[in-house]
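Asks: With the input below, show me the fold.
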Amino acid sequence: QQQTAALQKETAFIRSILEASPDAILTVDINGIIQSHNAAANTLFGYESDQLNGQKISKIIPQRHFLHDLSTLGRGTFLSFGQRKNFLTFPIEVAVSETQLNGQRTFIVLVRDASERRNSQETLHHIWLSVSSTTGEEFVRSLLQQLSQILQNDYAFVLETDIDPTSGLCSLMVAERGRIRSQSDHALEGTLFADALRNGLTIIPKGVRERYPQDEILRSLEAESFIGTPLQDGKGKTVGLIGLIGRTPNESIGVAKQTLQMFAARAAAEITRKQEAEVLISEKERLHDDYADMRATAERERKRYEEDLAAEQELLAVTLRSIREGCITADNRGRIIMLNPVAEELLGWTQPEAADRTLGEVLKLVTRRKKQPINADCVLEDPELFSQQMILTSRDGTERLVEASAAPIRNREDRKLGVVIVLRDVTEKIRIEDERHRAEKLESLGVAAGGIAHDFNNLLTAIIGNLSLALMDAPPSTRERLEASKKASLRAQD
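Replies: Okay, the predicted model is just below:
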């Protein structure tokens, strides 16, 4: 009796489990006759209690090879079609297992309505086709538009976290019936969205505003139902929340849940990509701004340098124009770079004419005394070559006596850049000196001549005096000659 009571208790327990199952459970013998079933089978196929017992399994699962030999189906799960009492067919998922009951082979058949699964697959396929070619924010927007239109909910949303860590705001994008309704920033503290981010998948089929009366987002959307699942990137970090909001109770939780979970990983990846792209854009803009600042600074420095250089060049040019010597600069190849105005006058070449010509072409020099030609190009190697007075022949053939000097041009690193030649026209100076020398010689001769004249006058004075004394006592025969000598002496004295 105790064993019987225990068996009855166990049987009742198993039956209660079978009756509570949402799937149809049937036992079928080797001939395909239904031996028993639970209440879910009646509901699924539209029969009343005990109407299925004794019926062939083909009445509700009209599949040919299923009828041919139930034992050949093996074990596992497969898809088929069921037939309700009103002869309407619908997709089902069937699982068959074999057991022994009272010594006879018996099959346990579990049947689940696959209509929702099929609808879900069709929904997923349609959404996938619509968004597969998009990326980043475009993918997110397209996905929301499809979700809000196909899943028969009033709103689909994506919440993006940490758009501004300093303010604690999150970006909420909402789509309504295939169109983006709004995109704005919100503080989430105390909202359903914050709880969903913390708790994971959240499903509230109805009465959502009664549970969250302070949630302004739900109030503005007149929400009645809510389903949301967090979005996590590849490192497990939560980057957002995707979900559906309805203004009426949600009766299609299964399809909505499966669809959201199917696209959650891709949406998280695209949000991560979008955030990374925004970081890159921000970094690029920062680098661009830094580059622009550096470029502006460099431009200012360049302009200042050019202005300083121009001022220095102008000062140099003014200095070169002001000095009385001719200045010639040439590079290391002996090519003329610059002539100042005095050099242009001395050489008979203008700056544009002489530019890039060799020193030997423009500077014609010979030694002063021996008239030997001097190769001006050699001054690059021997600047001391010009440490003497030379005769310069200008372009028009004019000859001038010049004093020339040369020195190398070096930069701050003491690298030789060229040579500078200074020409001083001393023609007039030498002429004046020659005239002065001649004048000095003449003056010396005059002094000497004056001395001689003085001495001569002294001698004449003595002679004239003596002649005057002689005339006083001279006889008439000699007076005439003495008179003539005195007159000649007086003329010589004058």
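Asks: pretty sure residue 485 is touching residue 468, no?
Replies: No - Residue 485 is beyond contact range of residue 468, at 10.7 Å (criterion: Cβ atoms under 8 Å). In this view, the C-beta of every residue, glycine as well, is placed from N, C-alpha and C.
Asks: which of those two has more neighbours?
Replies: residue 485 (16 against 12; other Cβ atoms under 10 Å).
Asks: and that one, what is it in contact with?
Replies: 463, 467 (Cβ atoms under 8 Å, 6 or more residues apart in numbering).
Asks: The helix or strand where residue 465 lies packs against which elements?
Replies: Assessed by DSSP states H and E, residue 465 sits inside helix 427-473. Applying 3 or more Cβ pairs under 8 Å, 6 or more residues apart in numbering; DSSP states H and E, one finds that helix 427-473 makes contact with strand 399-410, helix 476-493.
Asks: what's the angle from that helix to helix 476-493?
Replies: 160 degrees (axes from the mean of the first three to the mean of the last three Cα atoms, to 10 degrees).
Asks: Same list, the helices and strands packed on helix 427-473, but as JSON lines with distance to residue 327 please.
Replies: Output for these, formatted as JSON lines (distance: least, Cβ to Cβ, whole Å):
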{"stretch": "strand 399-410", "distance to residue 327": "11"}
{"stretch": "helix 476-493", "distance to residue 327": "63"}
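Asks: which stretch among those comes nearest residue 310?
Replies: Across those, residue 310 has its closest neighbour in strand 399-410 (19.8 Å, Cβ to Cβ).
Asks: and that closest one, what other elements does it pack with?
Replies: strand 388-393, strand 416-425, helix 427-473.
Asks: And the contacts of the second one?
Replies: Under the criterion Cβ under 8 Å, 6+ apart, residues 324-332, 337, 342-343, 346, 359, 363, 376, 379-380, 383, 386, 392, 400-411 lie in contact with strand 416-425.
Asks: returning to what we had before: lowest-confidence stretch among the helices and strands packed on helix 427-473?
Replies: The weakest mean pLDDT among the helices and strands packed on helix 427-473 belongs to helix 476-493, with a mean of 75.
Asks: Check the offset of stretch 99-109 from the chain's centre.
Replies: Centroid displacement of stretch 99-109 relative to its chain, using Cα atoms, centre = their mean, to the nearest Å, is 75 Å.
Asks: List the buried residues in that stretch.
Replies: 106-107, 109 (16 or more other Cβ atoms under 10 Å).
Asks: From those residues, pick the one nearest residue 473.
Replies: Closest to residue 473, out of all of the buried residues of stretch 99-109 and judged by Cβ to Cβ, is residue 109, at 200.1 Å.
Asks: and the helix or strand encompassing the closest one, what other elements does it pack with?
Replies: Residue 109 belongs to strand 104-113 when elements are defined using DSSP H and E. Applying 3+ Cβ pairs under 8 Å, 6+ apart, we find strand 104-113 packed against strand 24-29, helix 39-45, strand 89-101.
Asks: swap the cut-off to 7 Å and go again
Replies: strand 24-29, strand 89-101 (3 or more Cβ pairs under 7 Å, 6 or more residues apart in numbering; DSSP states H and E).
Asks: can you give me the helices in this structure?
Replies: 2-20, 39-45, 64-68, 115-131, 136-150, 192-199, 208-211, 216-220, 253-322, 341-347, 351-354, 359-362, 427-473, 476-493 (DSSP state H).
Asks: right, and those helices - which one's nearest residue 232?
Replies: The nearest among those, by Cβ to Cβ, is helix 253-322 at 5.6 Å.
Asks: and the angle for that closest one with helix 136-150?
Replies: 150 degrees.
Asks: Show me what helix 253-322 is packed against.
Replies: Using 3+ Cβ pairs under 7 Å, 6+ apart: helix 253-322 touches helix 115-131, helix 136-150, strand 225-232, strand 238-246.
Asks: ok, residue 159 - contacts?
Replies: Residues in contact with residue 159 (Cβ atoms under 7 Å, 6 or more residues apart in numbering) are 170, 172, 193, 240-241.
Asks: Pick the one among these closest to residue 53.
Replies: Of those, the one sitting nearest to residue 53 (Cβ to Cβ) turns out to be residue 241, at 49.2 Å.
Asks: How many neighbouring residues does the closest one have?
Replies: Residue 241 - counted by other Cβ under 10 Å - has 25 other residues nearby.
Asks: Same check on residue 383?
Replies: 16.
Asks: Please apply the same query to residue 403.
Replies: Neighbours of residue 403 using other Cβ under 10 Å come to 17.
Asks: if I pick it, what's in contact with it?
Replies: 389, 424, 426.
Asks: what about 10 Å?
Replies: 325, 386-390, 422-426, 429-430 (Cβ atoms under 10 Å, 6 or more residues apart in numbering).
Asks: Show me the shaky parts of the chain.
Replies: Along the chain, the model assigns pLDDT under 70 to residues 1-14, 64-76, 115-132, 152, 162-168, 387, 453, 493-494.
Asks: hang on, the earlier thing: make a markdown table out of the helices and strands packed on strand 104-113 and add distance to residue 417.
Replies: What follows is the helices and strands packed on strand 104-113, written out as a markdown table (distance: least, Cβ to Cβ, whole Å):
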| stretch | distance to residue 417 |
| --- | --- |
| strand 24-29 | 101 |
| strand 89-101 | 92 |
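Asks: deepest of these, which one?
Replies: strand 24-29 (a mean of 20; mean count of other Cβ atoms under 10 Å).
Asks: Now find how far off-centre that one is within its chain.
Replies: With Cα atoms, centre = their mean, you get 70 Å for strand 24-29.
Asks: Partner strands of that strand, with direction?
Replies: strand 34-37 (antiparallel), strand 104-113 (antiparallel) (DSSP bridges).
Asks: Show me which of the buried residues of stretch 99-109 is closest to residue 40.
Replies: residue 109 (12.2 Å).
Asks: Report the beta-bridge partner residues of the residue nearest to that closest one when sequence neighbours are not counted.
Replies: Across the structure, with Cβ to Cβ, 6 or more residues apart in numbering as the measure, the residue nearest residue 109 apart from its sequence neighbours is residue 26 (4.6 Å). Beta bridges link residue 26 to residue 37, residue 109, judged by DSSP bridges.
Asks: so who does residue 26 touch?
Replies: Counted by Cβ under 10 Å, 6+ apart, residue 26 has contacts 34-38, 40-41, 45, 52-53, 55, 57, 60-61, 107-111.
Asks: Apply 8 Å and report the result again.
Replies: 34-38, 41, 52, 57, 108-109, 111.
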